[in-house]
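Participant: fold the following for me, if possible:
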Amino acid sequence: MKFNYFFFSGEESDSDTDSEEKTTRQITVELAELTSDIDMKQRLIEELENSQRRLEWMKQHYEEKLSQLQTRIKATQEERDKVLATFSKCHTCFHIIPFFFIYFFYGYGLC
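Facilitator: Prediction:
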């Protein structure tokens, strides 16, 4: 503990009190700034976490849709292959079909 032996008037006491008040005000201001910075950073972290969750959901949704489309493409290709196989087995059908339409349209007077 430091003692001031040359303490004759209240002026030095007032200057010490003023200095302490300035220091207290400065610390209070700095504390308020730090609190504000912390709050802002917490909000930014929350936004980042929300963005990450949204991105993960979109990724899962995209992968599900991609899988569904791949399944549909495969099914369509299989159906196409079956139809082509059926027509290739019945290649004479291609020769008969045009004559059938001609007979149908002209026979009933549709043309």
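
Participant: from now on I want contacts and neighbour counts done on CA atoms only, so please keep to that.
Facilitator: OK.

Participant: what's the mean pLDDT across the single longest helix found in the chain?
Facilitator: Of all the elements of type helix in the chain, the one with the most residues (DSSP state H) is helix 11-89. Here the mean pLDDT over helix 11-89 is 91, rounded to a whole number.

Participant: change the start of the numbering to 8 and stick with it
Facilitator: In the new numbering, first residue 8, that becomes helix 18-96.

Participant: could you check how far residue 91 is from residue 84?
Facilitator: 10 Å (C-alpha to C-alpha, to the nearest Å).

Participant: likewise for residue 50?
Facilitator: 50 Å.

Participant: returning to what we had before: who touches both of residue 91 and residue 84?
Facilitator: Taking C-alpha atoms under 8 Å, 6 or more residues apart in numbering as the contact criterion, residue 91 and residue 84 have no common neighbours.

Participant: look at residue 94 and say how many residues are nearby.
Facilitator: Per other C-alpha atoms under 10 Å, the neighbour tally for residue 94 reads 13.

Participant: and for residue 88?
Facilitator: Residue 88 has 12 nearby residues by other C-alpha under 10 Å.

Participant: check residue 50 too.
Facilitator: By other C-alpha under 10 Å, 12 other residues sit near residue 50.

Participant: now do the one 3 residues further on
Facilitator: For residue 53, the tally of surrounding residues (other C-alpha under 10 Å) stands at 12.

Participant: so how far is residue 62 from it?
Facilitator: Applying C-alpha to C-alpha to residue 53 and residue 62 gives a distance of 14 Å.

Participant: again, but for residue 45
Facilitator: Spatial separation of residue 45 from residue 62 under the definition C-alpha to C-alpha is 25 Å.

Participant: same thing with residue 54?
Facilitator: Applying C-alpha to C-alpha, the value for residue 54 to residue 62 is 12 Å.

Participant: repeat that for residue 33.
Facilitator: According to C-alpha to C-alpha, residue 33 stands 43 Å off from residue 62.

Participant: now swap in residue 47 and tell me
Facilitator: Applying C-alpha to C-alpha, one obtains 22 Å for the distance of residue 47 from residue 62.
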